[in-house]
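Asker: Turn this into a model:
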Amino acid sequence: MASAKLLSLTLIWTLVILGASISIEAKKSKEDLKEITHKVYFDVEIAGKPAGRIVVGLFGKAVPKTAENFRALCTAFIFGSIMLDGKHVVFGKVLSGMDVVYKMEAEGRQSGTPKSKVIIADSGELSE
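Answerer: Next up, the predicted model:
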């Protein structure tokens with residue numbers, strides 16, 4: 001139960017970071033950011049009700065290790081805690097489901113606790 005909460009919180013914060021379009025490694029070209037190598041999804045529930053699906057395209061050529069780690073996380077091939085190293089990298093973009101991201105954002109409070117329980121009910125990789 002605690003690991004599911006940690007995974008849900010980790011994935012939600014990853015989406016927030018992704019949606020904020022933070023800095024990218026300077027050595028990567030803009031061309032590498034045009035090619036999406038993998039697509040992953042999150043099925044989100046808010047207050048126990050389905051809120052929708054978020055589809056994220058990953059930039060595997062620009063940041064191969066980060067994209068692969070995120071893909072593995074979405075397909076449940078990574079276990080244990082996730083460590084942040086203080087560096088932020090754009091490793092993908094939301095292809096569809098920004099409305100769900102905004103719904104999740106609307107559940108936030110100034111205190112940092114959500115108004116309703118927000119979970120990722122399912123996640124995985126989409127085939128081309």
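
Asker: drop to CA atoms for contacts and neighbour counts, all remaining ones
Answerer: OK.

Asker: wait, D43 sits on V56?
Answerer: No: the criterion here is Cα atoms under 8 Å, and D43 misses it with V56 at 11.6 Å.

Asker: Who has more neighbours out of these two?
Answerer: When D43 and V56 are compared for neighbours, V56 comes out ahead with 25 against 18, by other Cα atoms under 10 Å.

Asker: For that one, name its beta-bridge partners.
Answerer: For V56, the beta-bridge partners under DSSP bridges are V40, V94.

Asker: show me the contacts for it.
Answerer: If a contact means Cα atoms under 8 Å, 6 or more residues apart in numbering, then V56 has 39-41, 92-96 as its contacts.

Asker: A121: which of those residues is nearest?
Answerer: For those, the residue nearest A121 by Cα to Cα is Y41; the value is 10.7 Å.

Asker: what's around the closest residue to that closest one other than its chain neighbours, how many residues?
Answerer: Spatial nearest neighbour of Y41, excluding adjacent residues (Cα to Cα, 6 or more residues apart in numbering): V55 at 4.4 Å. The number of residues packed near V55 is 20, by other Cα under 10 Å.

Asker: do A72 as well
Answerer: Quick note: A72 (other Cα under 10 Å) scores 16 neighbours.

Asker: Next one: it, what pLDDT does it get?
Answerer: A72 carries a pLDDT value of 85.

Asker: Now do it against K115, distance only.
Answerer: Here A72 is placed at a distance of 30 Å from K115 (Cα to Cα, to the nearest Å).

Asker: Quick check: mean pLDDT of the strand or helix carrying D99?
Answerer: Using DSSP states H and E, D99 sits within helix 98-106. Averaging pLDDT along helix 98-106 gives 93.

Asker: what comes up buried for it?
Answerer: The neighbour-count check on helix 98-106 (16 or more other Cα atoms under 10 Å) flags 98, 100-101, 103-104 as buried.
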